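Chemist: Attaching a predicted model along with its sequence, questions to come.
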Amino acid sequence: MGLFNWFTQEVAIDLGTANTLIIHNDKVVVDEPSIVAFDRTTNKVIAIGRQAMQMEGKTHDNIRTVRPLRDGVIADFTAAEALIRGMVKLVNNGKSWFFPSLRMVVCIPSGITEVEKRAVRDSAEIAGAKEVYLIHEPMAAAVGIGIDVEEPVGNMIIDIGGGTTEIAVIALSGIVCDQSIRVAGDNFDSDIVQYIRRQHNIMIGDRTAEKIKIEVGAALPELSDPPADFAVQGRDLMTGIPKQITVSYTEIAHCLDKSISKIEEAILKALEITPPELSADIYQTGIYLTGGGALLRGLDKRIQAKTKLPVHVAEDPLRAVVRGTGIALKNIGRFKFLMQ
């Protein structure tokens with residue numbers, strides 16, 4: 001067994017729609033966008049992660065960029081396998097002369113079907129994993145922000161990722177009730193693209209939309225410390241000539257309003273179906289926000305106003321899920337909620 005351990009590498013993977021993170025030996029060793037670039041003629045992988053991200057929207061006929069995950073689940077099986085395989089290679093910086101057998105813990109959305117679950121497991125196995133364990137994202141997020149999930153106390157976690165928003169009430173190391181909706185960061189991006197097109201007659205790409213969201217994205221039209229206006233370049237739809245405009249955070253707050261309302265509805269729905277004893281706990285502990293969407297300015301204040309409950313944003317919310325997955329990896333024997 002000792003020899004086997006020496007040949008086994010343990011990795012925890014947060015396979016996200018937007019970003020893939022890997023923890024190995026308690027350190028985040030890979031934090032890259034979930035995107036793969038293929039050569040169309042040979043179908044070989046040209047680049048993954050950040051390098052492929054820079055190609056997105058700028059490719060010629062011979063290169064295609066693929067995002068293997070849509071709405072938190074695998075949409076393109078071969079690309080997902082190439083992504084996992086490439087990311088795991090990055091763990092050793094490509095130095096290793098043999099490919100060790102892998103023990104993987106991968107996190108999945110809580111509203112996932114059996115078929116989608118199977119796709120994640122198969123991709124991981126084809127990419128070289130001997131043992132694959134699955135963990136639900138809200139569970140991993142709760143562990144990652146330091147909540148003791150084994151206690152008989154209710155905690156509400158909202159994980160706003162790229163493809164899905166996971167809302168779950170957790171107690172006794174299990175998910176009591178959950179809502180998983182496919183409104184998240186990607187929807188915010190497409191809202192911004194459509195708004196800029198409608199309002200300013202300018203066509204922008206997804207990467208630019210994401211940049212706008214990060215720089216001036218907001219959930220409330222009035223903020224106490226507003227970000228500076230942001231210059232956006234795109235193609236003018238009237239003349240076809242590249243053009244620059246500036247957008248302010250209030251504009252973005254208005255255009256994201258509908259999507260955020262959908263998330264609020266789902267939160268209220270989850271609170272409605274929560275057992276009364278756990279509702280009492282949530283009144284005390286409040287709501288925890290994780291995932292990239294938690295970084296949207298004023299979102300915590302907006303949810304707080306809607307639910308009248310205290311809302312806490314996790315520190316480093318982007319890495320909460322992968323940290324929790326890493327802790328689960330170390331406690332494979334102890335945590336009962338890991339699915340084989």
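Modeler: It's in.
Chemist: tally of neighbours for the nearest residue to Leu15 once chain neighbours are set aside?
Modeler: The shortest distance from Leu15 to any non-neighbouring residue, by CB to CB, 6 or more residues apart in numbering, is to Val106 (5.7 Å). Quick note: C-beta positions are derived from backbone N, CA and C, even for glycine. Val106 has 22 neighbouring residues, counting by other CB atoms under 10 Å.
Chemist: Which helix or strand contains Val106?
Modeler: Per DSSP states H and E, Val106 falls inside strand 101-108.
Chemist: Output that strand in PDB with nothing but the alpha carbons.
Modeler: C-alpha atoms of strand 101-108 as PDB (Å, rounded to 0.1, in the frame of the first residue of the first chain):
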ATOM      1  CA  SER A 101      -2.600   7.200 -11.000                       C
ATOM      2  CA  LEU A 102      -4.900   9.800  -9.700                       C
ATOM      3  CA  ARG A 103      -7.400  10.000  -6.800                       C
ATOM      4  CA  MET A 104      -9.800  12.900  -7.600                       C
ATOM      5  CA  VAL A 105     -12.500  14.700  -5.800                       C
ATOM      6  CA  VAL A 106     -14.600  16.700  -8.300                       C
ATOM      7  CA  CYS A 107     -17.500  19.000  -7.400                       C
ATOM      8  CA  ILE A 108     -20.800  19.100  -9.300                       C
END
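Chemist: picking that back up, give me the pLDDT value at the residue nearest to Leu15.
Modeler: You'll see Val106 listed with a pLDDT of 94.
Chemist: now do Val321
Modeler: pLDDT, Val321: 95.
Chemist: give the contact list for it.
Modeler: Asp14, Gly16, Leu21, Cys107, Glu137, Ala140, Ala141, Gly144, Asp159, Gly161, Thr290, Gly291 (CB atoms under 8 Å, 6 or more residues apart in numbering).
Chemist: Need the residues you listed in CSV (columns: neighbour count).
Modeler: CSV is the format used below for the contacts of Val321 (neighbours: other CB atoms under 10 Å):
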residue, neighbour count
Asp14, 31
Gly16, 25
Leu21, 24
Cys107, 30
Glu137, 31
Ala140, 31
Ala141, 32
Gly144, 26
Asp159, 33
Gly161, 28
Thr290, 31
Gly291, 28
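Chemist: List phi and psi for the residue nearest the centre of the chain.
Modeler: By CA atoms, centre = their mean, the chain has its centre lying nearest to Gly161, at 3.3 Å. Dihedral pair for Gly161: phi -100, psi -150, per degrees, to the nearest 10.
Chemist: how close does the nearest residue to it once chain neighbours are set aside sit to Gly298?
Modeler: Excluding the flanking residues, the one nearest Gly161 by CB to CB, 6+ apart is Gly291, at 4.7 Å. Between Gly291 and Gly298 the distance is 16 Å, computed by CB to CB, to the nearest Å.
Chemist: Ok, Pro227 next?
Modeler: Taking CB to CB, one finds Pro227 at 11 Å from Gly298.
Chemist: quick one: which of these two has more around it?
Modeler: Set side by side, Pro227 and Gly298 show more neighbours around Gly298, with 20 against 15, by other CB under 10 Å.
Chemist: Spatially nearest residue to the more buried one, not counting backbone neighbours?
Modeler: Leu220 (3.6 Å).
Chemist: Give me the secondary structure label for that neighbour.
Modeler: coil (DSSP: H, G, I helix; E, B strand; the rest coil).
Chemist: Look at it and report its pLDDT.
Modeler: Confidence score, pLDDT, at Leu220: 96.
Chemist: That one contacts Ala253, doesn't it?
Modeler: Yes. Contact status for Leu220 versus Ala253: in contact at 5.9 Å, counting by CB atoms under 8 Å.
Chemist: Run a quick neighbour tally on the residue nearest to Arg67 when sequence neighbours are not counted.
Modeler: Once flanking residues are discounted, Arg67 sits nearest to Ile35: 5.3 Å by CB to CB, 6+ apart. Residues lying near Ile35 (other CB under 10 Å) number 25.
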